[in-house]
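Asker: 3D model of this:
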Amino acid sequence: MKSNITLIGMPGAGKSTVGIVLAKLNSCGFIDTDILIQINRQKPLQEIIDTAGYLNLRTIEEEEVLKINVEKHVIATGGSVVYSEKAMRHLKAVSDIVFLEVDFDIIKKRLYNIETRGIARPEEQTIEEVFTEREALYKKYAEHTVETSFLDQDAAAEEIVRKLKEQ
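Answerer: I've put the predicted structure just below:
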């Protein structure tokens, strides 16, 4: 097992909430790359998309991920990190990558604020199209997959710990 754990998955999959619980369980630090972006750019994600475009947000996300140089941390990524092969290679080198898999119907219910949430996608792309496109990328990069559709954040974190101990 590597020193860090990176959580990937759709917006609304619970990466941040599960990540905090997982960090507590493992007595380690927690990094949310979306928050890093907002702190370092002094803007909400949606504002970056509105002013500079979704592709610019993806570029910024890659830059922030490539700067991560920590040990004993849980890293919750933005949902679009998987579009950057460079960022994913970096994360894989420093962490175990866990895909939080959630059924589309549940994601759809959780993403009530799709227009303001800061999801890096073309404006005309539906959330279902985003889901389908990204699902394949999450599976490509995941070293472990945890189905969390019907788990609360505590159960999801415990399942991640269990899976990582199995390796």
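Asker: Tell me the buried residues in the lowest-mean-pLDDT helix or strand in the chain?
Answerer: In the chain, the helix or strand scored least confidently by mean pLDDT, DSSP states H and E is helix 104-110, which has a mean of 91. The neighbour-count check on helix 104-110 (16 or more other CB atoms under 10 Å) flags 106-107 as buried. Where C-beta positions appear, they are placed from N, C-alpha and C, glycine not excepted.
Asker: for stretch 155-167, same thing?
Answerer: By neighbour count on 16+ other CB under 10 Å, the buried set for stretch 155-167 is 156-160, 164.
Asker: then the least confident helix or strand of the chain to PDB, C-alphas only?
Answerer: Taking Å, rounded to 0.1, in the frame of the first residue of the first chain, the C-alpha atoms of helix 104-110 are listed here in PDB:
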ATOM      1  CA  PHE A 104     -26.300   7.300 -12.300                       C
ATOM      2  CA  ASP A 105     -29.700   7.800 -10.800                       C
ATOM      3  CA  ILE A 106     -28.100   8.600  -7.400                       C
ATOM      4  CA  ILE A 107     -25.600  11.000  -9.000                       C
ATOM      5  CA  LYS A 108     -28.500  12.700 -10.800                       C
ATOM      6  CA  LYS A 109     -30.300  13.300  -7.500                       C
ATOM      7  CA  ARG A 110     -27.200  14.600  -5.700                       C
END
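Asker: got the contact list for it?
Answerer: For helix 104-110, contacts defined as CB atoms under 8 Å, 6 or more residues apart in numbering pick out 10-13, 127-128, 131, 149.
Asker: Could you give the backbone dihedrals for residue 29?
Answerer: Backbone geometry at residue 29, expressed as degrees, to the nearest 10, gives phi -80, psi 170.
Asker: Same question for residue 146.
Answerer: Dihedral pair for residue 146: phi -120, psi 120, per degrees, to the nearest 10.
Asker: and it, what pLDDT?
Answerer: Here the pLDDT value assigned to residue 146 is 97.
Asker: Just confirm it contacts residue 162, I think it does.
Answerer: No - judged on CB atoms under 8 Å, residue 146 makes no contact with residue 162 at a distance of 9.0 Å.
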